[in-house]
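Undergrad: Fold the following and give me the result.
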Amino acid sequence: MEKKRTLKSYFLLYIRGVGMGAADVIPGVSGGTIAFITGIYEELLDSIRSFNPKNFKLIFSEGLGAFWRAVNGNFLVAVLLGIATSLFSLAKLMEYLLHNHPIFVWSFFFGLIVVSAISVLRTIEKTTMQVFIAFAVGTVVAYLITVISPAETPDSLWFIFLCGSIAICAMILPGISGSFILLLMGKYQYILNALTELKISILATFVCGAVIGLLAFSHVLNWLLNRVHDIMIALLAGFMFGSLNKVWPWKVIDASNSAIETNVLPDTYAAQTGLDSYFVWAIIMAVLAITVYYSIMALSKRKAG
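TA: Numbering: from 1, shown residues only. I've put the predicted structure just below:
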């Protein structure tokens with residue numbers, strides 16, 4: 001049910017949405033975490049779950065106004081506008097950084113994903129054989145995806161739809177990053193480019209996938225986390241660790257196939273490319289990522305307390 005709010009309250013919701021959008025642009029940081037820190041996480045989940053057959057029937061029985069109030073429409077619009085503002089404004093910056101300073105960016109992402117995965121593992125309450133197996137499966141599967149899959153995943157609209165439907169599920173979970181999922185699926189930079197250049201067909205397809213995925217999977221994810229929480233968390237953490245191969249900062253292009261990149265050590269990168277490996281700066285960026293993450297988590301714990 002929709003709450004009564006002032007214009008100032010809606011503006012603050014918009015600002016929270018801006019924070020969520022900023023987090024979702026960065027692999028390793030979850031918009032769901034920002035929602036939790038700012039105190040709107042439970043209302044956000046309740047609003048998403050309110051899109052159910054019972055409330056849709058209100059459109060025919062009591063009108064659109066009743067349906068809008070039942071799904072907390074004003075709240076969702078304020079938050080979504082904030083998220084959209086961040087996504088569009090930060091996409092160009094991220095694309096510029098990835099193109100001009102890739103080692104700095106990937107080092108930051110690497111550190112962020114490592115610390116995120118460790119933090120997620122710490123939420124496991126009981127380590128059982130099933131938990132270990134789930135973690136191992138997640139790690140192996142994610143690693144194989146980064147190794148076996150081609151450098152470029154399909155650009156077909158069906159795959160963009162799939163990316164949207166899967167990534168959105170991660171975006172609403174504290175600690176799990178939607179942009180990290182896009183990174184794993186090979187479409188992070190592709191979607192950034194679509195945002196920067198306003199490629200409507202791609203963005204519309206991605207959004208449609210996100211909406212369908214959110215409505216279809218949010219209940220399933222919630223059910224799984226409630227029933228087999230530790231196993232699901234271990235599986236997700238395994239995915240994160242296994243995908244680190246994809247965000248390794250130092251890569252060289254295969255001489256026989258320009259579509260293939262190989263991970264190398266910093267010294268090898270410098271020797272083969274003739275470019276600075278920026279090793280010290282890479283360490284600094286990784287440490288900065290860890291600092292940022294723990295700062296966010298500290299705020300989260302303060303909020304929970």
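
Undergrad: Quickly find the element holding residue 235.
TA: helix 229-242 (DSSP states H and E).

Undergrad: Run through the neighbouring helices and strands of that helix.
TA: helix 102-121, helix 129-148, helix 200-227 (3 or more C-beta pairs under 8 Å, 6 or more residues apart in numbering; DSSP states H and E). The C-beta positions use only the backbone N, C-alpha and C, and glycine is treated the same way.

Undergrad: Residue 40 is nearest to which of these?
TA: With C-beta to C-beta, the closest approach to residue 40 among those belongs to helix 200-227: 15.6 Å.

Undergrad: For that closest one, buried residues please.
TA: 202, 203, 205, 206, 209, 210, 213, 214, 217, 218, 221 (16 or more other C-beta atoms under 10 Å).

Undergrad: quick one on the thing from earlier: next, format the helices and strands packed on helix 229-242 as a markdown table and append distance to residue 264.
TA: Formatted as a markdown table, these follow (distance: least, C-beta to C-beta, whole Å):
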| stretch | distance to residue 264 |
| --- | --- |
| helix 102-121 | 12 |
| helix 129-148 | 15 |
| helix 200-227 | 32 |
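
Undergrad: a markdown table please, covering those and showing mean pLDDT and distance to residue 186.
TA: Converted to a markdown table, the helices and strands packed on helix 229-242 look like this (pLDDT from 0 to 100; distance: least, C-beta to C-beta, whole Å):
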| stretch | mean pLDDT | distance to residue 186 |
| --- | --- | --- |
| helix 102-121 | 86 | 14 |
| helix 129-148 | 85 | 9 |
| helix 200-227 | 83 | 14 |
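
Undergrad: residues touching residue 26, list them.
TA: For residue 26, the contact set (C-beta atoms under 8 Å, 6 or more residues apart in numbering) comprises 94, 109, 112, 177, 179.

Undergrad: I'd like to know how far it sits from residue 180.
TA: With distances taken as C-beta to C-beta, to the nearest Å, residue 26 is found 9 Å from residue 180.

Undergrad: Of the helices and strands packed on helix 229-242, which is nearest residue 55?
TA: helix 200-227 (11.8 Å).

Undergrad: so what does that closest one touch, helix or strand wise?
TA: Contacting helix 200-227 under the criterion 3+ C-beta pairs under 8 Å, 6+ apart are the following elements: helix 41-49, helix 157-171, helix 188-197, helix 229-242.

Undergrad: out of those, which comes closest to residue 298?
TA: Within the helices and strands packed on helix 200-227, the stretch nearest residue 298 is helix 41-49; the backing value is 16.7 Å (C-beta to C-beta).

Undergrad: ok, then the element right after the closest one?
TA: Taking DSSP H and E, what comes next after helix 41-49 is helix 53-56.

Undergrad: Now that following helix - C-alpha only, PDB.
TA: Once non-C-alpha atoms are left out, helix 53-56 reads as follows in PDB (Å, rounded to 0.1, in the frame of the first residue of the first chain):
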ATOM      1  CA  PRO A  53      -2.600 -11.200 -10.200                       C
ATOM      2  CA  LYS A  54      -4.600 -10.000  -7.200                       C
ATOM      3  CA  ASN A  55      -3.500  -6.400  -7.700                       C
ATOM      4  CA  PHE A  56      -3.700  -6.500 -11.500                       C
END
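
Undergrad: what's next to it, contact-wise?
TA: Contacts to helix 53-56, defined as C-beta under 8 Å, 6+ apart, come from residues 67, 70, 71.

Undergrad: Give me the neighbour count for residue 158.
TA: Using other C-beta atoms under 10 Å, residue 158 has 10 other residues around it.

Undergrad: Also residue 167?
TA: Residue 167 has 26 neighbours, counted by other C-beta under 10 Å.

Undergrad: quick one: it and residue 183 touch, right?
TA: No: with contacts counted by C-beta atoms under 8 Å, residue 167 stays clear of residue 183, the gap being 9.6 Å.

Undergrad: Relative to residue 263, which of the helices and strands packed on helix 229-242 is closest?
TA: Closest of the helices and strands packed on helix 229-242 to residue 263 is helix 129-148, at 9.6 Å (criterion: C-beta to C-beta).

Undergrad: Check the offset of that closest one from the chain's centre.
TA: Mean-position distance between helix 129-148 and its chain equals 19 Å (C-alpha atoms, centre = their mean, to the nearest Å).

Undergrad: helices or strands up against it?
TA: helix 178-184, helix 229-242.

Undergrad: winner for burial among those helices?
TA: Most buried of the helices and strands packed on helix 129-148 by mean neighbour count (mean count of other C-beta atoms under 10 Å) is helix 178-184; its value is a mean of 25.
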